[in-house]
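K.L.:
Here is my input, please return the structure:
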Amino acid sequence: MDHLKPVPDGVASSEATPSGVDTAARLASLMQRSSRGDEAAFAELYDATSARAYGLALRVVRNPAHAEEVVQEAYLDTWRTSSRFDPARGTAIGWLLTIVHRKAVDRVRSAESATARDETYHRETRQTEHDTTLEAAHASLEAQRVRVAVAGLTEVQREAVELAFFGGYTHTQVATMLDVPVGTAKTRIRDGLIRLRDAMGVGS
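P.N.:
Residues are numbered from 1 along each chain as shown. Next up is the predicted model:
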């Protein structure tokens, strides 16, 4: 294998060898030498293929920084698993690009999953918007009158209203905390607000 010469930087592998067949054989040889722990062969393999690997990764992830990380992970995986390469089953560049593509797809899926988790978190933790009746009561009447009016609610109404509007919990969360169906929680909150509005003398 000593007759094989490294591909100069910036020169495509097809320009450094007489034909595509020679290029495929050269890359296969480098891959096999890499599998035996030949770091120089692996560095040569990287120089000859990294431009194509990066191009593929960038087309999939559409982010230069992520594409660089994907390529780095792919070559690390290639170094660790190069002994599995079988030239009888395909070319070295095909085998390498398959790893790159898999890593890139995994990165896209991971990013999509993270986005979905963030959206779910914000949706589930978003506080219930305050009812206009309660906002009017807070804005125009003294806090003491509010407390008195709340105290005049039934126990179940008071629990629901306090959790939803003073505690900031969603209807679903209130239902879970009170161990009642969501519909029941909504009814208690609505009835409590109507009674609170009437007690406060706030117009609808």
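K.L.:
can you give me the helices for the chain?
P.N.:
In the chain, the helices defined using DSSP state H lie at 13-16, 20-35, 39-61, 64-81, 92-125, 132-140, 143-151, 155-161, 171-178, 182-200.
K.L.:
Let's have these in JSON lines, adding mean neighbour count and mean pLDDT.
P.N.:
Any C-beta I mention is one placed from the backbone N, CA and C, and that applies to glycine too. Listed next are those as JSON lines, based on neighbours: other CB atoms under 10 Å; pLDDT from 0 to 100:
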{"stretch": "helix 13-16", "mean neighbour count": "14", "mean pLDDT": "39"}
{"stretch": "helix 20-35", "mean neighbour count": "19", "mean pLDDT": "90"}
{"stretch": "helix 39-61", "mean neighbour count": "18", "mean pLDDT": "94"}
{"stretch": "helix 64-81", "mean neighbour count": "17", "mean pLDDT": "94"}
{"stretch": "helix 92-125", "mean neighbour count": "14", "mean pLDDT": "81"}
{"stretch": "helix 132-140", "mean neighbour count": "15", "mean pLDDT": "57"}
{"stretch": "helix 143-151", "mean neighbour count": "13", "mean pLDDT": "69"}
{"stretch": "helix 155-161", "mean neighbour count": "19", "mean pLDDT": "81"}
{"stretch": "helix 171-178", "mean neighbour count": "17", "mean pLDDT": "81"}
{"stretch": "helix 182-200", "mean neighbour count": "18", "mean pLDDT": "81"}
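K.L.:
Got the domain ranges for this structure?
P.N.:
For the chain, automatic domain parsing gives the domain ranges 13-125, 132-200.
K.L.:
ok, so what distance separates Asp22 from Arg89?
P.N.:
20 Å (CB to CB, to the nearest Å).
K.L.:
for Val180, same thing?
P.N.:
62 Å.
K.L.:
Name the residue in those two with the higher neighbour count.
P.N.:
Val180 (17 against 9; other CB atoms under 10 Å).
K.L.:
Find the nearest non-adjacent residue to the more buried one, please.
P.N.:
The shortest distance from Val180 to any non-neighbouring residue, by CB to CB, 6 or more residues apart in numbering, is to Arg188 (7.8 Å).
K.L.:
check contacts around that neighbour.
P.N.:
Arg188 makes contacts with Val156, Gln157, Glu159, Ala160, Val161, Val180, as judged by CB atoms under 8 Å, 6 or more residues apart in numbering.
K.L.:
Just the closest of those to Ile194, please.
P.N.:
Gln157 (9.4 Å; CB to CB).
K.L.:
Nearest the middle, which residue of the protein would you pick?
P.N.:
Ala114 (2.0 Å; CA atoms, centre = their mean).
K.L.:
Ser34 against Leu45, yeah?
P.N.:
Yes: counting by CB atoms under 8 Å, Ser34 does reach Leu45; the two are 6.0 Å apart.
K.L.:
Could I get the contacting residues of Thr184?
P.N.:
Thr184 touches Ala175, counting by CB under 8 Å, 6+ apart.
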